[in-house]
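Chemist: Sharing a sequence plus its predicted fold:
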Amino acid sequence: MTNRELADIFNRIGDMLDILGENRFKVLAYHRAADQILHLGQDIRACWQAGTLQQIPGIGPAIAEKIDELLTTGRLEFYERLQDQVPAGVVSLLEIPDVGPKTARLLWERLGLQSVAEVEQAARAGKLRTLPGLGAKSEARILAGIEALYRRSDRIPLGAAWPVAADLVEGLKARCAEVVDAAVAGSLRRMRSTIGDIDLLAASESPAAVMRAFSSHPHVAELLLSGPTKTSVRLHNGLQADLRVLEPQRWGAALQYFTGSQAHNIRLRELAQKQGLSLSEYGFKRQDGSEIVCRTEEEVYRTLGLPWIPPELREDRGEIQAALAGTLPPLVEWDDIQGDLHVHTNWSDGAGTLAEMAEAARAKGYRYLVISDHTQSLGVARGLTPERLREQRAEIDALNAQWDDFVLLQGCELEIKADGSLDLPDEVLAGLDFVVASVHSSLRQDPAQITARVMNAIHHPSVDVIGHPSGRILGQREESAVDLEAIIRAAAESGTALEVNSTPARLDLDDLHVRRAVEMGVKLAINSDAHHPAGLDSLPFGLATARRGWATASDVLNTLTLEQLRAWRQARITGATHSEPPRGGRG
DNA sequence: GCCGTTTTCGGCCCGACTGTTTTCAGTCG
């Protein structure tokens, strides 16, 4: 039973208890436990076997016992009894926007409705308006919610949401003189890998003018709700966008609040309470009603006795405890990045020439760039044979003669073939400057098979990095069955680095496995996997993913200078232990 | 159901918006 399956069960238990009218804090406890399990970053069976379940925040004796029963027997009596009381179809009604536990229970008890389709039928027949507390408007609203549910678009990748959000922010600033400041907030500012909706914030003394400018933006398809401080719209691409407008002097508190996450904010408010303060998007309130208004986020955190916490960490995964203890990690930053270790050119399936890719990298201030075109067995990508690699080497050498501040390295993205063998002979690999090894084929092999393939590459002395280790494509392809925990352990032993692939649709490793890798002392390579010069621009998405996994510069291979990178590689090949040299800033 | 440098019992974040209401409940984030 996987973490996700356990989390699903506890979430459904929470939903069923909610519908039954159980104490809301008990309901919350189940949802919190589910969230913790889902974001554990390692298989919960390891904690179970080690007897450390109750060390996970939000898991106490009752839920630990239920986890034990589920993992031991595959069943949970408590859950089965609840399922007898609340039909699964009734729980599914909670998926309808604006239908919560109270309404779901009402629909079930008074009209016997047990599916979204039945609710839709009843609404069309005008039956919902006969229920206490519901009128014609609620009925129409629920019907609209069901239609939205049917055409619901899934979460979209971070990299796809950014340009739209940037357009909206720019639009606000350009179209409305009353806007003092505007910014992206929410999960987008926290740089989650996928985005469910776009949260925006504006500072202004004239909210109404800002709301008008927002709701008339060309991206906007439909006005969902509108009040004096908040407007929600649906965009033409199907995404929902929410805008909050606040007074400029409250900017810091508002930005903090609206960035979330919700779980992080709840923790902050609990801290505030202990100090006799109440925290909201407007700032702090003392018990006598006087206010502490915060113009910056730093002031919000300082008032609570905390250092400013980077948005990427605000998920209630230990960052507040670390901030209290003064042990927040110094996260890797853009200025730390010295080069990109994985790009393609028109020698294989890329669109740019060697010179074009090199100049684009130089323009970013990089000191080096690894050309890692595909290898021969990936025919669709015109993978390189040993002969063509030799020809490419000559061209790279010629290009390198013209720079004294930048170096092109010759590498490859080596195919890990379906039988686990590598796509180039050892002597060819040994002649390259750097090797990224990746799986592109037979992604549906069983866990043992595909894990063994990657293990083989990890233990090869010429392989420096495992590329996009999970193989996921966001919204299209689940990760392969590869045992990432085992891969991370093996990488820690062999000194092989794991990639954080920055392509917006990949972001692979994900933040949770980055965190696990950092804990295990594994080096990360934050790479763009660019297939054209503009593709280099996606590296910040991988950088953010690494930051979400608590990575510091010393965890990241491509923060090393060229000399250090070469020394790191040499030390691995010779098996020597290497001390950590100081990093040089890119300036 | 979880949790504790104010607590092992008694708390548990806070506000906006909507609809159906005469002051509030439900939902959402």
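Modeler: Sure thing, it's come through.

Chemist: Tell me the residue in chain A that is farthest from the middle.
Modeler: Distance from the centre of chain A peaks at A:T130, with 43.9 Å (C-alpha atoms, centre = their mean).

Chemist: residues in the stretch 251-400 of chain A within reach of DNA strand B, list them.
Modeler: Counting by C-beta under 7 Å from any atom of the strand, the stretch 251-400 of chain A comes close to DNA strand B at A:260, A:262, A:265-266, A:269-270, A:272-274, A:278-282, A:285. To be clear about C-beta, it is placed using only N, CA and C from the backbone, and glycine gets the same treatment.

Chemist: Check the stretch 101-250 of chain A too.
Modeler: Residues of the stretch 101-250 of chain A lying near DNA strand B (C-beta under 7 Å from any atom of the strand): A:101-104, A:129, A:132-139, A:141, A:186, A:197, A:199, A:225-230, A:242.

Chemist: Report the buried members of those.
Modeler: A:P101, A:T103, A:A104, A:L134, A:S138, A:E139, A:R141, A:G186, A:D197, A:D199, A:D242 (16 or more other C-beta atoms under 10 Å).

Chemist: ok, now which ones touch the last one?
Modeler: If you count contacts by C-beta atoms under 8 Å, 6 or more residues apart in numbering, A:D242 has them with A:G186, A:D197, A:I198, A:D199, A:L200, A:K230, A:T231, A:S232.

Chemist: What is the three-state secondary structure of it?
Modeler: strand (DSSP: H, G, I helix; E, B strand; the rest coil).

Chemist: follow-up on the earlier one: taking the contacts of A:D242, tell me the two that lie furthest apart.
Modeler: A:G186 and A:T231 (14.6 Å; C-beta to C-beta).

Chemist: The contacts of A:D242 in strands, which ones?
Modeler: A:D197, A:I198, A:D199, A:L200, A:K230, A:T231, A:S232 (DSSP state E).

Chemist: Dump those into CSV; add distance to A:I458 and pLDDT as well.
Modeler: Below are the ones in strands among the contacts of A:D242 laid out as CSV (distance: C-beta to C-beta, whole Å; pLDDT from 0 to 100):
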residue, distance to A:I458, pLDDT
A:D197, 39, 91
A:I198, 39, 94
A:D199, 40, 95
A:L200, 43, 95
A:K230, 50, 92
A:T231, 51, 93
A:S232, 48, 93
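
Chemist: A:T545: what's its closest spatial neighbour, skipping adjacent residues?
Modeler: The shortest distance from A:T545 to any non-neighbouring residue, by C-beta to C-beta, 6 or more residues apart in numbering, is to A:L507 (4.9 Å).

Chemist: Ignore what I typed, I meant A:V245.
Modeler: That would be A:P207: by C-beta to C-beta, 6+ apart, it lies 4.1 Å from A:V245.

Chemist: measure the residue of the stretch 201-350 of chain A found nearest DNA strand B to A:L243 for me?
Modeler: Closest to DNA strand B within the stretch 201-350 of chain A is A:G227: 2.2 Å, counting by C-beta to the nearest atom of the strand. Per C-beta to C-beta, to the nearest Å, A:G227 is found 11 Å from A:L243.

Chemist: got it, and A:A381?
Modeler: From A:A381 across to A:L243, the span is 43 Å (C-beta to C-beta).

Chemist: And the two? Which one has more around it.
Modeler: Here A:A381 and A:L243 are set side by side on neighbour count (other C-beta atoms under 10 Å), and the busier one is A:L243, at 28 against 19.

Chemist: what's the following helix or strand after the longest strand belonging to chain A?
Modeler: Longest strand in chain A, counting residues (DSSP E): strand A:407-415. Downstream of strand A:407-415, the first helix or strand assigned by DSSP states H and E is helix A:426-430.

Chemist: Go through stretch A:280-291 and flag the buried ones.
Modeler: Quick answer for stretch A:280-291 (16+ other C-beta under 10 Å): A:E281, A:Y282, A:G283, A:F284, A:K285.

Chemist: One more: stretch A:387-403?
Modeler: Neighbour-count burial for stretch A:387-403, counted by 16+ other C-beta under 10 Å, picks out A:R388, A:L389, A:Q392, A:E395, A:I396, A:L399.

Chemist: for the record, mean pLDDT for it?
Modeler: Averaged across stretch A:387-403, pLDDT comes to 97.

Chemist: circling back to that earlier point, wait, which of the ones in strands among the contacts of A:D242 is closest to A:E109?
Modeler: Distances from A:E109 to these, taken by C-beta to C-beta, are shortest for A:S232, at 30.7 Å.

Chemist: So in terms of bridging, what pairs with that closest one?
Modeler: A:L225, A:D242 (DSSP bridges).

Chemist: Spatially, what comes nearest to the residue in the stretch 451-587 of chain A that DNA strand B sits nearest to if we skip its sequence neighbours?
Modeler: For the stretch 451-587 of chain A and DNA strand B, the shortest gap (C-beta to the nearest atom of the strand) falls at A:R548, measuring 18.6 Å. Distances taken as C-beta to C-beta, 6+ apart place A:D511 nearest to A:R548, at 3.7 Å, with adjacent residues excluded.

Chemist: what residues are up against the one you found?
Modeler: A:S193, A:T545, A:R548, A:G549 are the contacts of A:D511 under C-beta under 8 Å, 6+ apart.

Chemist: go again using 7 Å as the cut-off
Modeler: Residues in contact with A:D511 (C-beta atoms under 7 Å, 6 or more residues apart in numbering) are A:T545, A:R548, A:G549.

Chemist: Not counting stretch A:279-294 itself, show me its contacts.
Modeler: With contacts defined as C-beta under 7 Å, 6+ apart, stretch A:279-294 is touched by A:246, A:249-250, A:252-254, A:257-258, A:268-269, A:272, A:276-278, A:300, A:303.

Chemist: Strands - which of these land there?
Modeler: Secondary structure assignment by DSSP E places A:L246, A:L277, A:S278 of the contacts of stretch A:279-294 in strands.

Chemist: what residue ranges in chain A score low on pLDDT?
Modeler: Across chain A, the ranges flagged by pLDDT under 70 are A:153, A:575-587.

Chemist: Just confirm yes or no for the host helix or strand of A:L70 near DNA strand B.
Modeler: If you go by DSSP H and E, A:L70 is part of helix A:61-73. Yes - counting by C-beta under 7 Å from any atom of the strand, DNA strand B is contacted by helix A:61-73 at A:P61, A:A62, A:I63, A:A64.

Chemist: thinking again about what came up before, can you tell me which of the residues of the stretch 251-400 of chain A next to DNA strand B comes closest to A:D426?
Modeler: Distances from A:D426 to these, taken by C-beta to C-beta, are shortest for A:G260, at 49.9 Å.

Chemist: okay, now that closest one: neighbour count?
Modeler: Using other C-beta under 10 Å: A:G260 sits among 21 other residues.

Chemist: Thanks a lot, see you next time.
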